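> got a predicted structure plus its sequence, pasted below:
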Amino acid sequence: MEIKDLTANTGNVDLVAEVVSKEDERTFEKFGKSGRVCNAKLKDNSGEIKLTLWNDDIDQIKVGDKIHLQNGWCSEYKGEKQLSSGKFGKIEVVKKVIPQKKGLQKEDSVEDAPQEIMTNDPDILAGVSPEEDVSDDLERIEDEEIIE
């Protein structure tokens, strides 16, 4: 489905689009429960539309990401069509923007995203991978302990 094909008050929206902007989040309280909401703008080859993000979706989606909205809902507010995951929909990031060291951004699929490893293990810091055989090192250490 493309953005140009969306009609107000319809469900089961299945759409892949890029997040081109994201507004600041707002908090709300309804029926004694608090939550967060934020508007974003999506774009595909056929047009642009506003997407309402709720709670955890706000943190997961960044400008530049390509998302897949499944079973979404299209409504209309003040004459403008807008999308939401609604009660039964799901938003999945299919391509994520990964910040690079020099402040540049690179688009990669989520599966290709490099995993950052944080450690204070001297072997890993020295470039020794955990899979390498360290039995020789252990024997050398044991021999040194016996000598001392």
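Sure, I can see it. Numbering: from 1, shown residues only.

> residues of stretch 29-42 that come out buried?
Buried residues in stretch 29-42, counting neighbours by 16 or more other C-beta atoms under 10 Å, are found at 37-38, 40-42. Using the backbone N, CA and C atoms, a C-beta is placed for each residue, glycine as well.

> and the lowest mean pLDDT element among the helices and strands of this structure?
Across the helices and strands of the chain, mean confidence by mean pLDDT, DSSP states H and E is lowest for helix 135-147: a mean of 52.

> what about stretch 28-38, average pLDDT?
Averaged over stretch 28-38, pLDDT sits at 91.

> what sits up against it?
22-27, 52-55, 58 (C-beta atoms under 8 Å, 6 or more residues apart in numbering).

> how about the helices in the chain?
56-60, 122-125, 135-147 (DSSP state H).

> which parts of the first one are buried?
I take that to be helix 56-60. In helix 56-60, residues buried by neighbour count (16+ other C-beta under 10 Å) are 57-58.

> rounded mean pLDDT for it, please.
For helix 56-60, the per-residue pLDDT averages 92.

> could you do the second one as well?
In this model, helix 122-125 carries a mean pLDDT of 61.

> and the contacts of stretch 28-38, which are buried?
Neighbour-count burial (16+ other C-beta under 10 Å) applied to the contacts of stretch 28-38 gives 22, 52-54, 58.
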